[in-house]
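J.: turn this into a structure:
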Amino acid sequence: MIVSAADADRARIFAIKRQPLPAVGDSSRAAGLTADPSAVNESGFLPRLVRLRYGTPSLPAELPEPMKLAAKLSHYAFYVLMIGMPLIGWGMLSAADYPVVLFGGAHLPAILPQSDGLHALLWNAHFYLAFVFFALILLHVAAALFHALVRRDGVFDAMAPVSTRHEVAPAE
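T.: Residues are numbered from 1 along each chain as shown. Now for the predicted structure:
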C-alpha cells in the first residue's frame, strides 16, 4: 500500500487529536486569546492601539530616513502579529475541531469548519510567524539598546516605560 505525504499528515493529525493537548498548549491559547497583564504597560497591546490611532512620538529630525522607515514598518508588523497570531491560532484549533477554552472555563466558538488541510496550513503559518514575532522582538530590543547606548538621541527615552535620564533636583 502506497501512502502519500498528505495521507501521512492526516493520519498524524487524527492520532494527535485522540491525545490530550499538552499544558503548554492550554496556556498559549489562553494567553493568546485573553488580555494579558502586559496589555496595560508601555509595551503592551492597548498602548500600541492608542499609538496606532493617535500616532507615535516624533523621531529626531537627524535620524536617517531608513531608520525612520524601519521604525514605522516594525511597529506595523507588531500590530499585524499581535492581532493575527491569536486569530490564526483560534482558526487553527477550530479547523482541527479542538475546543478553545479560556481561563475560567469559557469556551470560544469555532470560527472555521473542520478541515485537516486548513489545520495544517494554519499550524505552519502560526509556527513560522511565531519565529518572525520573536525575531521582531529581538530586533526591537536591539534597536532600543542601539539608541540608548550608541546614538544617545532620545529615542530610547521616548519608548522606555521609565525615565532613563539621571536628573538631579536643584538644591534649595
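J.: what is the burial count for residue 133?
T.: Residue 133 is flanked by 17 other residues according to other Cβ atoms under 10 Å. Where C-beta positions appear, they are placed from N, C-alpha and C, glycine not excepted.
J.: mind listing the strands for this protein?
T.: 100-101, 107-108 (DSSP state E).
J.: which of those is buried the deepest?
T.: strand 100-101 (a mean of 18; mean count of other Cβ atoms under 10 Å).
J.: and that strand, what does it pack onto?
T.: Judged by 3 or more Cβ pairs under 8 Å, 6 or more residues apart in numbering; DSSP states H and E, strand 100-101 is in contact with helix 23-33, helix 65-95, strand 107-108.
J.: give me the contacts around the last one.
T.: When contacts are defined by Cβ atoms under 8 Å, 6 or more residues apart in numbering, strand 107-108 is touched by residues 33, 90, 99, 100, 101, 102.
J.: tell me which of those is nearest to residue 61?
T.: The closest of those to residue 61 turns out to be residue 33 (Cβ to Cβ; 41.2 Å).
J.: any idea of the pLDDT on that closest one?
T.: Per-residue confidence (pLDDT) for residue 33: 52.
J.: what do you get for the one 5 residues further on?
T.: Turning to residue 38, the model gives it a pLDDT of 47.
J.: out of the contacts of strand 107-108, who's nearest residue 123?
T.: Among those, and counting by Cβ to Cβ, the member closest to residue 123 is residue 90, at 12.5 Å.
J.: how near is the closest one to residue 141?
T.: 28 Å (Cβ to Cβ, to the nearest Å).
J.: tell me which of those two has more neighbours.
T.: Taking neighbours as other Cβ under 10 Å, residue 90 and residue 141 compare with residue 90 leading, 21 against 10.
J.: so that one touches residue 102, yeah?
T.: No. Residue 90 lies out of contact with residue 102 (Cβ atoms under 8 Å); the separation is 10.6 Å.
J.: and residue 132, how many neighbours?
T.: 12.
J.: is it true that it touches residue 81?
T.: Yes. If you go by Cβ under 8 Å, residue 132 and residue 81 touch, sitting 7.0 Å apart.
J.: returning to that earlier point: got a markdown table for the strands of the chain, with distance to residue 151 and mean pLDDT too?
T.: What follows is these, written out as a markdown table (distance: least, Cβ to Cβ, whole Å; pLDDT from 0 to 100):
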| stretch | distance to residue 151 | mean pLDDT |
| --- | --- | --- |
| strand 100-101 | 44 | 86 |
| strand 107-108 | 44 | 89 |
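J.: grab the nearest non-local neighbour of residue 81.
T.: Nearest non-adjacent residue to residue 81, counting by Cβ to Cβ, 6 or more residues apart in numbering: residue 133, 4.8 Å away.
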